[in-house]
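*Asks:* Quick check, what structure comes out for this input:
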Amino acid sequence: MSFTQGSLSNLKEQVNIVDVIGRAVQLQRKGGRYTGLCPFHKEKTASFSVNEQMQMYYCFGCHASGDVIEFVRKFYNLEFNEAVEKIASEYGIQMEETSHRGENLDIYYKINQEAARFFYKGFTEGPNKGYAYMKKRGITPEILKKFGIGYADEGWDTLYKHLKSLGFEEKAMMELGLVAESKGKYYDKFRNRVMFPIINTSGKVIGFGGRAIDKDDNPKYLNSPESKVFRKKNNLYGLNLSRNDVSKEGYIILVEGYMDVIGLYQAGIHNVGASLGTALTEAQAKMIKRYANKVVLSYDADNAGIQAALRGMDILKGEGCNVSVMHVTDGKDPDEFIKKEGKQSFLNLVANAKDYGEYKINHSIKGLNMDDHRDRIEAIKRIAMVLKTLSPAEQGEYADKASKDYNLSKMALLDQMNDKTSGGKDVANERRGRGSPEGDEDIREEITLIEADIIRLITKNEGYIPRVEENQDILTTDTAKNIYDAIARDISGEGTLDINRVIDALDEPEKGVLITTLNKVIISGDEEKVFQDCLRRVRLRKLIAESAMIDKILQTEDYREEDIEKLLQRKMELQEIINKERTGDAN
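*Replies:* Below you'll find the predicted structure:
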């Protein structure tokens, strides 16, 4: 589901950001803006500012910024569409949805919702195998209700008949994996199973997991198939309940199964979620990153669990998460462990979880005899391969730790790591290409101070747009160029600049840069003087770059004496020009 740009613009026009934020933050008026304590980081002195005229907010402490939708999304931990729906509902604003090629996805959500109610009714009304099983597992009625646990009875078509009586079509039931067909007859896919409804962060039932109760029933877990409303790779079980706790605690504990989530939640550990029977995906990692940067993987200690942890670590680190791994002792899963040992014992395991580098190094040398010189050489090679996947800061730290833990030469580890014949360059490039923090910095580069001034200037005075076009070297970053192009297109299309329309047209990183620039950069006084100062700073930047290049040439190249004299003479000329131009900071 998505909304038309027209209805989004209408929403922003009808809703006053001061009113919305004022419900969550105590604001005080100061001149043309409102200030208060930032809700996104702890502070004692107010640095949070709301600009009523521009309908935007900005924090000078943590640099959070955005419009009314962004505030609601971030403050209440919602997705974009959820934030829009919340505002629209509270203010009675009708939103217009974009076309989905004639598909009405609501019908699928309604069928799943009715199925969840049917299963829950079967679970709670009268004795049944499902309730007996969950009671035996020690789950309280309050938690069973909170997670909406249900029971699919042993009948062949009880759910089918119920859904049919409500007027739903067989085709949609089959697409959702609730019903199947054989020889012209329809029957229920889930029978004699405890039912775990899978609910997305919008509160909609998107699928089910059914656990067999009788030992002879296979498979042990039967899950809904992929459908128009259910994509396993895009969702996490339990996150609809735990996301606020994840944000509050600053990390999420990621487990393997439904019962692990429920068991930890019942024990008071609410910052928990589970992948849906598949290896962790980039989409799930991105979802996690919205709520916390830190992830603790709590997978089984068997080979399958270890391999899943190794894969998951790479995915999460690739998205910029701080990831560590813990394995529950004695072969128990988290649900069993916490019931026997208690909450604090589990949290102790969390506190001692091995982070990315330590876990991968430990695993890489598993099975080697460190008293055997041949295995010690092999250990150095394997650890070096792990070090190559880390950032430069991490490499030194973990090389030092490994040398102490395993009595290995740190110098040998670093030399092996830097050995180009072992493929270090390719591995490092692969790490950056997967989206490590270093790679993200390359992709999402910030604009220069000159570009910030120029962007703020052309949003204030549209007459400078063609003059920037004539001096294209004033913009050097892709981000600034894309923002400029969006502004120029908006002017050419409508004749007057609509800054909210420009913001809506930009991609997320560029949108944030523009909003920050509008809030933080102030253009006062003579606009022409500001523009000329920007041109001067561009000239100064070029002169300084040329001078630095001459320094580099003189240090690294072998030139004849007369050529060196020419270079030195040019450097002196440049320094004289730079001194004349330098009336402000170079950029």
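*Asks:* make it CA atoms for all contacts and neighbour counts henceforth
*Replies:* Noted.
*Asks:* quick one: the helices in the stretch 1-150 of the chain?
*Replies:* Assignment of helices within the stretch 1-150 of the chain using DSSP state H, counting those that start in this stretch yields the ranges 5-14, 17-22, 68-75, 80-91, 106-124, 129-136, 141-146.
*Asks:* Taking helix 80-91 as reference, get the angle to the first one.
*Replies:* So that's helix 5-14. Between the direction of helix 5-14 and that of helix 80-91, the angle (axes from the mean of the first three to the mean of the last three Cα atoms, to 10 degrees) works out to 50 degrees.
*Asks:* Show me what helix 5-14 is in contact with.
*Replies:* The list of residues contacting helix 5-14 from outside it, by Cα atoms under 8 Å, 6 or more residues apart in numbering, reads 68, 88, 93-96, 500-501, 504.
*Asks:* Just put those residues in CSV and tack on neighbour count, distance to Met385 and pLDDT.
*Replies:* Below are these laid out as CSV (neighbours: other Cα atoms under 10 Å; distance: Cα to Cα, whole Å; pLDDT from 0 to 100):
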residue, neighbour count, distance to Met385, pLDDT
Val68, 23, 47, 92
Ala88, 18, 53, 92
Ile93, 16, 57, 87
Gln94, 12, 56, 87
Met95, 18, 53, 87
Glu96, 13, 53, 81
Asn500, 16, 49, 80
Arg501, 16, 49, 81
Asp504, 13, 44, 79
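*Asks:* of the residues you listed, closest to Ile523?
*Replies:* Asn500 (19.2 Å; Cα to Cα).
*Asks:* Let me know the secondary structure of the closest one.
*Replies:* Per DSSP: H, G, I helix; E, B strand; the rest coil, the secondary structure class of Asn500 is helix.
*Asks:* Quick check: chain neighbours aside, which residue is closest to it?
*Replies:* Excluding its sequence neighbours, the residue lying closest to Asn500 (Cα to Cα, 6 or more residues apart in numbering) is Ser9, at 7.4 Å.
*Asks:* Same check on Leu239?
*Replies:* Once flanking residues are discounted, Leu239 sits nearest to Gly273: 5.6 Å by Cα to Cα, 6+ apart.
*Asks:* in a strand, that's where the one you found is, yeah?
*Replies:* Yes: going by three-state DSSP, the assignment for Gly273 places it inside a strand.
*Asks:* pLDDT averaged over stretch 540-550, what's the number?
*Replies:* In this model, stretch 540-550 has an average pLDDT of 78.
*Asks:* now Ala64: how far from Tyr57?
*Replies:* 8 Å (Cα to Cα, to the nearest Å).
*Asks:* Give me the more crowded residue out of those two.
*Replies:* For Ala64 and Tyr57, the more surrounded residue by other Cα atoms under 10 Å is Tyr57, and the numbers stand at 27 against 20.
*Asks:* Dig out what the closest residue to the more buried one other than its chain neighbours forms beta bridges with.
*Replies:* For Tyr57, the nearest residue in space outside its immediate sequence neighbours is Val50; the separation is 4.3 Å by Cα to Cα, 6+ apart. Here Val50 sits in beta bridges with Tyr34, Tyr57, as judged by DSSP bridges.
*Asks:* Quick check, the residue nearest to Leu239 in contact with Val246.
*Replies:* No: shown here, Gly273 and Val246 do not form a contact pair, counting by Cα atoms under 8 Å, at 9.3 Å.
*Asks:* Which helix or strand lies directly C-terminal to the helix or strand of the chain with the lowest mean pLDDT?
*Replies:* The element with the least model confidence among the helices and strands of the chain, by mean pLDDT, DSSP states H and E, is helix 437-443, at a mean of 31. Sequence order places helix 449-460 as the next helix or strand after helix 437-443, per DSSP states H and E.
*Asks:* what's downstream of that following helix, the next helix or strand?
*Replies:* That would be, after helix 449-460 and using DSSP H and E, helix 465-470.
*Asks:* Going by neighbour count, list what's buried in that following helix.
*Replies:* Of the residues in helix 465-470, those scored as buried under the neighbour-count criterion (16 or more other Cα atoms under 10 Å) are 465, 468.
*Asks:* In the helix or strand immediately after that helix in the chain, which residues are buried?
*Replies:* Following helix 465-470 in sequence order, the next helix or strand is helix 478-494 (DSSP H and E). By neighbour count, and taking 16+ other Cα under 10 Å as the criterion, the buried residues in helix 478-494 are 479-481, 483-484, 486-488, 490-491.
*Asks:* likewise stretch 29-41?
*Replies:* Taking 16+ other Cα under 10 Å as the neighbour-count basis, stretch 29-41 is seen to contain the buried residues 33-39.
*Asks:* Just the pLDDT at the nearest residue to Val468 once chain neighbours are set aside, thanks.
*Replies:* Across the structure, with Cα to Cα, 6+ apart as the measure, the residue nearest Val468 apart from its sequence neighbours is Ile474 (7.3 Å). According to the model's per-residue confidence, Ile474 sits at a pLDDT of 89.
*Asks:* do the one 10 residues further on as well
*Replies:* Listed pLDDT for Tyr484 reads 89.
*Asks:* show me what contacts the closest residue to it other than its chain neighbours?
*Replies:* When the adjacent residues along the chain are set aside, Tyr484 lies closest to Ile455, with 6.9 Å between them (Cα to Cα, 6+ apart). Ile455 makes contact with 480, 483-484, 517, according to Cα under 8 Å, 6+ apart.
*Asks:* cool, Lys44 as well?
*Replies:* When the contact criterion is Cα under 8 Å, 6+ apart, the partners of Lys44 are Leu37.
*Asks:* Which single one of the contacts of helix 5-14 is nearest to Tyr251?
*Replies:* Using Cα to Cα, the shortest approach to Tyr251 within those belongs to Val68, at 26.4 Å.
*Asks:* Make sure that closest one is actually in contact with Met56.
*Replies:* Yes: counting by Cα under 8 Å, Val68 does reach Met56; the two are 6.8 Å apart.
*Asks:* Now do the shared contacts for those two.
*Replies:* Residues touching both Val68 and Met56 (Cα under 8 Å, 6+ apart): Ile17.
*Asks:* Now do the same for Gly318: its pLDDT.
*Replies:* If you check Gly318, the pLDDT there is 83.
*Asks:* so what's the backbone phi/psi at it?
*Replies:* Dihedral angles of Gly318 (phi, psi; degrees, to the nearest 10) stand at phi -60, psi -30.
*Asks:* Counting neighbours, what do you get for it?
*Replies:* By other Cα under 10 Å, the residues close to Gly318 number 23.
*Asks:* Arg536 now?
*Replies:* When neighbours are defined as other Cα under 10 Å, Arg536 has 16 of them.
*Asks:* Give me the pLDDT for the closest residue to it other than its chain neighbours.
*Replies:* Counting by Cα to Cα, 6+ apart, Arg536 lies nearest to Glu581, which is 7.0 Å off, once chain neighbours are set aside. What the model reports as pLDDT for Glu581 is 75.
*Asks:* Looking at Gly273 and Val246, which one has more neighbours?
*Replies:* More crowded of Gly273 and Val246, by other Cα under 10 Å: Gly273, with 29 against 24.
*Asks:* and the gap between that one and Asp302?
*Replies:* Distance of Gly273 to Asp302, computed by Cα to Cα: 20 Å.
*Asks:* Then Leu413?
*Replies:* When Cα to Cα is the yardstick, Leu413 and Asp302 sit 29 Å from each other.
*Asks:* Understood, closing this out.
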